[in-house]
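Peer 1: What shape does this take:
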Amino acid sequence: MKPHPLRKIKIFNFLIEKYINRITPKGTFFIIILFVSMIFGFNPDKSMLHQISILSLSFIIIAYIFTFRFKTKIKIERELPELCIINKKTRYSIIIKNNNKKKVSNLFFKDVTNQFLMSSELQIIPYIKSNNSIELDNAFTPLKRGYIHIEGFNIYKEDPFGLLRKSFFIKAPANILVLPQIYNMPFFNFLGKRKYNQGGIPYAEKKGESEEFISLKKYKNGDPIKKINWKATAKTGELFVNEYQEEYFSRYGLILDTFSKIDNDVFEEAISIASSILTGSDIRDSILDIMFLGSDAYKFTIAKGINSKKKALEVLASISICKNKLFDSLHSLIKTNIHLLNSVVLVLIEIDEDRVKLINLLEKYDIEIKVFLVSKKPSISAGKIKKLGIKTAINILDIGDIKGSLKELE
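Peer 2: Numbers count the residues shown, from 1 in each chain. Next up is the predicted model:
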């Protein structure tokens with residue numbers, strides 16, 4: 001049985017932290033000299049090479065012994081931003097306090113994560129007096145979207161010869177949300193006419209007959225019996241009915257295709273496109289429903305007083321490929337909500353008969369539809385669209401040149 005890919009990554013990360021970061025460039029040079037001199041100077045008759053190998057080995061052994069003496073009382077606090085973007089260097093500040101009785105110098109530090117999810121460089125800690133603090137800038141590059149858990153810092157101290165480093169772990173847990181890449185899309189306008197929704201935006205997420213109460217009024221012939229306020233009627237002896245707020249507003253759908261047999265770059269770019277549409281759209285006086293399938297059917301609603309774009313980006317950053325459900329299961333989610341929508345944006349990662357059925361379902365309800373297809377091979381995708389006889393306009397986005405594909409849509 002082949003080991004899980006993540007296990008390979010963890011082993012690789014462990015080797016980096018365990019050995020590579022503990023050897024200085026000077027130490028690497030000494031180790032190379034040691035191996036070369038041992039290979040070619042194994043014969044004691046070759047006195048010069050033999051002496052070099054013994055001298056190099058002696059330095060390395062003494063340096064290794066010195067690393068055991070390293071202990072420190074350092075406290076590190078970090079000030080992370082709430083969000084960062086995948087593959088983009090993120091800078092933040094840290095405060096280092098020296099709680100030792102003596103000064104500290106010639107120290108290095110590096111972020112530690114439980115998985116190889118971010119790239120960071122070894123940074124030097126300058127001279128710090130006893131019981132003093134300094135503030136430094138640090139940076140890392142996230143390699144995967146979603147939440148990254150940072151466990152703490154590895155502190156490294158070099159031996160007097162500058163050959164090896166001793167590591168010391170300082171616990172400083174923190175979480176940061178990594179967003180997918182956001183593209184500068186042209187300002188995105190959802191289309192479609194406003195619809196009447198009794199109760200207004202604050203009650204758009206409530207099911208059944210939940211509405212916003214405004215006042216009481218006397219019953220008139222034709223008023224629904226279910227609106228009679230029986231408590232007020234009992235007190236006054238006259239029939240009173242509840243009066244509710246009436247409001248027209250627009251409600252849009254953003255449907256994300258999460259169905260794929262394997263994890264791939266196309267799905268990651270689809271997440272980025274959906275996030276870019278969300279970021280570039282103006283929905284201040286509207287409602288946006290994000291719909292997708294994961295372990296279950298999900299609908300996440302954004303509106304004033306309900307959820308924010310920031311929360312929606314967090315949801316999109318955490319979406320995974322759906323492998324354990326049929327594509328048809330997305331139809332049920334859409335059928336339940338489509339009568340509420342003015343228009344829909346559909347982001348696809350493949351085009352086939354199942355996706356065509358979904359497009360036809362949306363067209364059946366006579367609402368505005370905009371379709372994006374993220375593709376590795378745009379020409380092949382265009383051929384499939386023609387072969388399947390799709391009448392709806394589909395915007396094909398080439399993952400090799402997403403920015404160029406979006407620019408063509410302007």
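Peer 1: residue ranges with poor pLDDT in the stretch 201-350 of the chain?
Peer 2: Low-confidence segments of the stretch 201-350 of the chain, defined by pLDDT under 70, span residues 201-214, 244-249, 262-263.
Peer 1: can you give me the strands in it?
Peer 2: All strands of the stretch 201-350 of the chain, identified by DSSP state E, counting those that start in this stretch, fall at 213-218, 240-244, 246-256, 286-293, 297-302, 343-348.
Peer 1: Tell me which other helices or strands the helix ranked longest in the chain touches.
Peer 2: Scanning the chain for the helix with the most residues, using DSSP state H, yields helix 47-67. Contact analysis of helix 47-67 by 3 or more Cβ pairs under 8 Å, 6 or more residues apart in numbering; DSSP states H and E lists helix 25-40 as its packing neighbours. The way it works is simple: take the backbone N, C-alpha and C, and place the C-beta from them, glycine included.
Peer 1: quick one, the helix it packs on and helix 47-67 angle?
Peer 2: Using axes from the mean of the first three to the mean of the last three Cα atoms, to 10 degrees, the direction of helix 25-40 lies 140 degrees away from that of helix 47-67.
Peer 1: From the chain's centre, how far out is helix 25-40? Work that out for me.
Peer 2: Using Cα atoms, centre = their mean, to the nearest Å, the mean C-alpha position of helix 25-40 is found 43 Å from that of the whole chain.
Peer 1: Average pLDDT for that helix, rounded please.
Peer 2: Helix 25-40 shows an average pLDDT of 80 in the prediction.
Peer 1: now for that helix, which elements pack on it?
Peer 2: In terms of contact count using 3+ Cβ pairs under 8 Å, 6+ apart, helix 25-40 is assigned the packing partners helix 47-67.
Peer 1: List the buried residues in the longest helix of the chain.
Peer 2: The neighbour-count criterion (16 or more other Cβ atoms under 10 Å) identifies Leu49, His50, Ile52, Ser53, Ser56, Leu57, Phe59, Ile60, Ala63, Phe66, Thr67 as the buried residues of helix 47-67.
Peer 1: Next: stretch 383-394.
Peer 2: By neighbour count, with 16+ other Cβ under 10 Å as the criterion, the buried positions of stretch 383-394 are Lys384, Ile385, Ile390, Ile394.
Peer 1: Could you list which of the residues you listed belong to helices?
Peer 2: Helix and strand membership here follows DSSP H; of the buried residues of stretch 383-394, those in helices are Lys384, Ile385.
Peer 1: Where is pLDDT lowest across the buried residues of stretch 383-394?
Peer 2: Taking the buried residues of stretch 383-394 together, the minimum pLDDT is found at Ile390 (87).
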